[in-house]
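Q: this one's sequence-less:
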């Protein structure tokens, strides 16, 4: 029988922090030891639209866990409800608006993993 080796990934503090993108982020998994993907939880307050931006060379998938929102990708608007997912291609312009009365929370799965220099602010 072959031996199964498991690795515990370090690097996700699991503390929510505010970003200039106008939302709160909790990094759940983002480690150089797992370069193929990262996972974060985003929280957008009611009435807020996040910064228009793109992610260079990585795809991002949003999966809504709470609330509703309007996602704009390359100028096209899509409604996202609780339990729904949407894949955003690498390099696409994107932002999301919380149009509900409570917080909008969604998972952000990036492939490959998110690194800060992949973020391009399209509002400046």
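A: Received, thanks. None of the values given here were measured: they were computed from a predicted structure.
Q: So which residue is dead centre in the chain?
A: residue 108 (2.9 Å; Cα atoms, centre = their mean).
Q: That residue pairs with what?
A: residue 40, residue 62 (DSSP bridges).
Q: what's the burial count for the closest residue in space to residue 107 that isn't next to it in sequence?
A: Nearest residue to residue 107 in three dimensions, chain neighbours excluded: residue 63, at 4.5 Å (Cβ to Cβ, 6 or more residues apart in numbering). Where C-beta positions appear, they are placed from N, C-alpha and C, glycine not excepted. Residue 63 has 17 neighbouring residues, counting by other Cβ atoms under 10 Å.
Q: re earlier: pretty sure the residue nearest to the centre of the chain sits against residue 44.
A: No: using Cβ atoms under 8 Å as the test, residue 108 is too far from residue 44 to be in contact (11.4 Å).
Q: returning to what we had before: if I look at the residue nearest to the centre of the chain, how far off is residue 5?
A: Residue 108 is 28 Å from residue 5, where distance means Cβ to Cβ, to the nearest Å.
Q: next one: residue 104
A: For residue 104, the distance to residue 5 - Cβ to Cβ - is 38 Å.
Q: quick one, which of the two is more surrounded?
A: Counted by other Cβ under 10 Å, residue 104 and residue 5 do not tie: residue 104 has more neighbours, with 26 against 5.
Q: That one pairs with what?
A: With DSSP bridges as the rule, residue 104 is bridged to residue 44.
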